[in-house]
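Q: structural data only, the sequence is not supplied:
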């Protein structure tokens with residue numbers, strides 16, 4: 001059962017621009033450690049890097065690339081879930097140590113991004129379909145984060161930058177969706193080839 005849960009995604013393996021380390025049928029400790037590290041990088045990008053961009057929902061752009069790299073290096077079925085677990089553990093540890101700041105919506109976006117990628121990449125999408133799945137996963141994760149932000153504000157739980165959020169929620173909804181989709185597309189283009197032989201032909 002464990003081998004099925006961590007089965008190699010051959011389509012991701014052949015499309016990866018990075019050298020994958022998932023060759024054996026059984027997942028190794030090195031692969032789990034690498035996935036946790038990618039999740040930790042995503043969490044640190046959210047907690048430590050705060051860019052003053054006026055468009056809401058941009059935090060996911062900093063988190064998607066480490067997770068896309070994780071999938072390119074360890075292309076297994078539940079890699080996304082393992083990375084989100086690593087991100088959650090890292091964020092919790094940093095929060096306890098009062099190191100960094102994690103906006104709830106941004107934190108939720110990386111916690112759901114991993115499972116969203118796992119679900120979106122079911123089957124064997126290739127080429128533009130692979131890119132489209134990343135776009136959908138990024139948009140879905142950010143829209144869930146938007147819903148959480150709206151819910152928290154509606155309950156009266158004030159967060160940094162949320163005082164006037166409900167005054168422009170409709171524009172924020174579009175912004176969250178666009179940022180998630182663009183983040184998914186850019187990370188997919190960086191880590192995966194549109195055609196499996198592209199890099200080989202250029203070499």
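A: Nice, I can see it. Quantities reported herein were computed from a predicted structural model and do not represent experimental measurements.
Q: in this structure, which spans are helices?
A: For the chain, the helices defined by DSSP state H occupy 2-5, 10-15, 29-48, 60-73, 79-96, 104-120, 128-154, 169-191, 198-202.
Q: could these go into CSV alongside mean pLDDT and mean neighbour count?
A: All C-beta spots, glycine's among them, are computed from the backbone N, C-alpha and C. CSV is the format used below for these (pLDDT from 0 to 100; neighbours: other C-beta atoms under 10 Å):
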stretch, mean pLDDT, mean neighbour count
helix 2-5, 64, 10
helix 10-15, 89, 18
helix 29-48, 92, 21
helix 60-73, 91, 26
helix 79-96, 93, 21
helix 104-120, 89, 24
helix 128-154, 88, 21
helix 169-191, 90, 20
helix 198-202, 44, 9
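Q: output those helices in JSON lines; the columns should cover distance to residue 21.
A: As requested, these are exported to JSON lines (distance: least, C-beta to C-beta, whole Å):
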{"stretch": "helix 2-5", "distance to residue 21": "17"}
{"stretch": "helix 10-15", "distance to residue 21": "10"}
{"stretch": "helix 29-48", "distance to residue 21": "6"}
{"stretch": "helix 60-73", "distance to residue 21": "6"}
{"stretch": "helix 79-96", "distance to residue 21": "11"}
{"stretch": "helix 104-120", "distance to residue 21": "18"}
{"stretch": "helix 128-154", "distance to residue 21": "20"}
{"stretch": "helix 169-191", "distance to residue 21": "14"}
{"stretch": "helix 198-202", "distance to residue 21": "18"}
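Q: now residue 73. Nearest residue, chain neighbours left out?
A: Among residues not flanking residue 73 along the chain, residue 18 sits closest, at 5.4 Å (C-beta to C-beta, 6 or more residues apart in numbering).
Q: quick one: contacts for the closest residue to residue 16 other than its chain neighbours?
A: Leaving aside its sequence neighbours, residue 16 sits nearest to residue 72 (C-beta to C-beta, 6+ apart; 4.2 Å). Counting by C-beta atoms under 8 Å, 6 or more residues apart in numbering, residue 72 touches 12, 16, 17, 18, 20, 191, 192.
Q: give the contact list for the second one.
A: Same thing as residue 16. Residue 16 makes contact with 72, 73, 75, 191, 192, 193, according to C-beta under 8 Å, 6+ apart.
Q: which of those residues sits closest to residue 46?
A: Ranked by distance to residue 46 (C-beta to C-beta), the contacts of residue 16 are led by residue 191 at 18.9 Å.
Q: residue contacts, that closest one?
A: By C-beta under 8 Å, 6+ apart, residue 191 lies in contact with 16, 17, 18, 65, 68, 69, 71, 72.
Q: repeat that for residue 185.
A: Residue 185 makes contact with 131, 134, 135, 138, according to C-beta under 8 Å, 6+ apart.
Q: repeat that for 6 Å
A: Residue 185 makes contacts with residue 135, as judged by C-beta atoms under 6 Å, 6 or more residues apart in numbering.
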